[in-house]
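*Asks:* give me a 3D structure for the following:
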Amino acid sequence: MAMEPSQCELYIYAPSFSLALAAIIIFSVLTTVHFLRMTRSKAWSGIYFVLGGIAQTSGYTARLFSTQDPCNRVAYGIQSVLLLLGPTVMMFSVNLAMIEFTRALRAERFCWIPIDFQRPVCLSVNTALVLLQFIGGIMTVSSTTMNVIAMATKIGIAVFVTQTIFWLFTLAEHTYMTIRLRHVLDEANNLKPVFPNWKYWSQLFGLAISIIATGRNIVRLTMDGGIAFLIENEWPSYAFDGYQMIIVMGAWAIWYLPGKLQAELETYTSLPIHTRDPRFSGEGRAQRRHDRVQRRQERLGREHLESYGSY
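*Replies:* Presented below is the predicted three-dimensional model:
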């Protein structure tokens, strides 16, 4: 059932004090945890989770002010823009961790985009999307002209669609890499993975992208499409958008992958060159090819001897 409408045109419903307060408390705690884990591990790629958490906390703080004064346009504008940008900013850390994860596994050759180009590509695409989303958000909250609002809505829809396609592409590339890596490790069954329990850590990427790129963006697209149920009630924006980010931030705070990757990188680079794992180097690949050819020749030789003995 729809909530009681506010007395001005900004909110169709009366903003909930309790929902906003709960979001502020939870996001404040999670942002603090991410900040502490980032500084202790010196995994600076995690800064975007901190910035995204600050955006979420500040956005819901502005929403809390709106519960007392629903007609305050400044508070409405702040919460609208910051809650729009928070999850997008978090995806910077997810994409950067995905690149570092590939490097930690020495699986660069399985990437569709060369690994040296992935960081600038991800940063450039995500930055462009954040800026466009920011412009669209500002246009929506600051304009009273229907043509401008309609244009801002189209910009927002285009950004959500582009985000979904790009982030799902990165997830598909990551999935392909993990499948190929499993195949390599299964072939060389006497070798252990470079990154312990890497299959479990890999699930964090699927969690983040499935929630932000698909779940959250689809809900936002549906709201932009004018579905009455979603825009006339406040709780869907919490249940299917804001509180979903709590799951992502909470999982990445508990299993802090940027810190794990930083530790793995420091351990690997501190090893002498001759002790580093050669599996994914050119020399290691050549050795595996040689071993496969030798096993095939031995098998053919045994089959030849068996067929000769049958005569």
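*Asks:* switch to C-alpha atoms for all contacts and neighbour counts from now on
*Replies:* OK.
*Asks:* how many residues are close by Pro87?
*Replies:* 29 (other CA atoms under 10 Å).
*Asks:* if I look at Arg276, what pLDDT would I see?
*Replies:* Confidence at Arg276, expressed as pLDDT, is 45.
*Asks:* show the backbone phi and psi for Ile12.
*Replies:* The phi and psi torsions at Ile12 (degrees, to the nearest 10) take the values phi -80, psi -30.
*Asks:* my guess is it meets Phe229, correct?
*Replies:* No. Assessed by CA atoms under 8 Å, Ile12 is found out of contact with Phe229, at 11.4 Å.
*Asks:* what residue ranges in the stretch 151-300 of the chain score low on pLDDT?
*Replies:* Residue ranges of the stretch 151-300 of the chain with pLDDT under 70: 186-195, 266-300.
*Asks:* buried set for stretch 216-233?
*Replies:* Neighbour counts over stretch 216-233 (16 or more other CA atoms under 10 Å) mark 216-221, 223, 230-233 as buried.
*Asks:* which of those sits closest to Ala208?
*Replies:* Arg216 (10.4 Å; CA to CA).
*Asks:* quick check: that closest one touching Phe240?
*Replies:* Yes. Using CA under 8 Å, Arg216 is in contact with Phe240, at 6.3 Å.
*Asks:* please report how far Ile78 lies from Leu185.
*Replies:* Distance from Ile78 to Leu185, counting by CA to CA, to the nearest Å: 50 Å.
*Asks:* quick one: contacts for the nearest residue to Val50 once chain neighbours are set aside?
*Replies:* Setting aside the residues directly before and after it, Val50 is nearest to Thr31 in space (CA to CA, 6 or more residues apart in numbering), at 5.4 Å. Shown in contact with Thr31 (CA atoms under 8 Å, 6 or more residues apart in numbering): 49-50, 53-54.
*Asks:* how about those in a markdown table, adding secondary structure, neighbour count and distance to Pro114?
*Replies:* Output for the contacts of Thr31, formatted as a markdown table (DSSP: H, G, I helix; E, B strand; the rest coil; neighbours: other CA atoms under 10 Å; distance: CA to CA, whole Å):
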| residue | secondary structure | neighbour count | distance to Pro114 |
| --- | --- | --- | --- |
| Phe49 | helix | 28 | 25 |
| Val50 | helix | 25 | 28 |
| Gly53 | helix | 30 | 31 |
| Ile54 | helix | 20 | 33 |
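*Asks:* against Ile135, how distant is Ile54?
*Replies:* Counting by CA to CA, the gap from Ile54 to Ile135 is 19 Å.
*Asks:* repeat that for Ser80.
*Replies:* From Ser80 to Ile135 the distance is 12 Å (CA to CA).
*Asks:* and the helix or strand in which Pro87 is found, how far out from the chain middle?
*Replies:* Element membership for Pro87 (DSSP states H and E) is helix 73-104. When distances are taken as CA atoms, centre = their mean, to the nearest Å, helix 73-104 is centred 9 Å away from the chain's centroid.
*Asks:* which neighbouring elements make contact with the helix or strand that Leu123 is a member of?
*Replies:* Leu123 belongs to helix 115-142 when assigned by DSSP H and E. Using 3 or more CA pairs under 8 Å, 6 or more residues apart in numbering; DSSP states H and E, the elements in contact with helix 115-142 are helix 73-104, helix 146-187.
*Asks:* how about those, which one is nearest Ala251?
*Replies:* Proximity to Ala251 (CA to CA) singles out helix 73-104 among those, at 12.1 Å.
*Asks:* just want the angle from the helix holding Leu123 to helix 146-187.
*Replies:* 150 degrees (axes from the mean of the first three to the mean of the last three CA atoms, to 10 degrees).
*Asks:* for helix 115-142, what does the pLDDT average out to?
*Replies:* Throughout helix 115-142, pLDDT has a mean value of 91.
*Asks:* tilt between that helix and helix 73-104?
*Replies:* Orientation of helix 115-142 against helix 73-104 (the same axes, to 10 degrees) gives an angle of 170 degrees.
*Asks:* and Val159, what is it in contact with?
*Replies:* Val159 makes contact with 129, 132-133, according to CA under 8 Å, 6+ apart.
*Asks:* sorry, slip of the keys, the one I care about is Cys111.
*Replies:* Going by CA under 8 Å, 6+ apart, Cys111 touches 173-174, 177.
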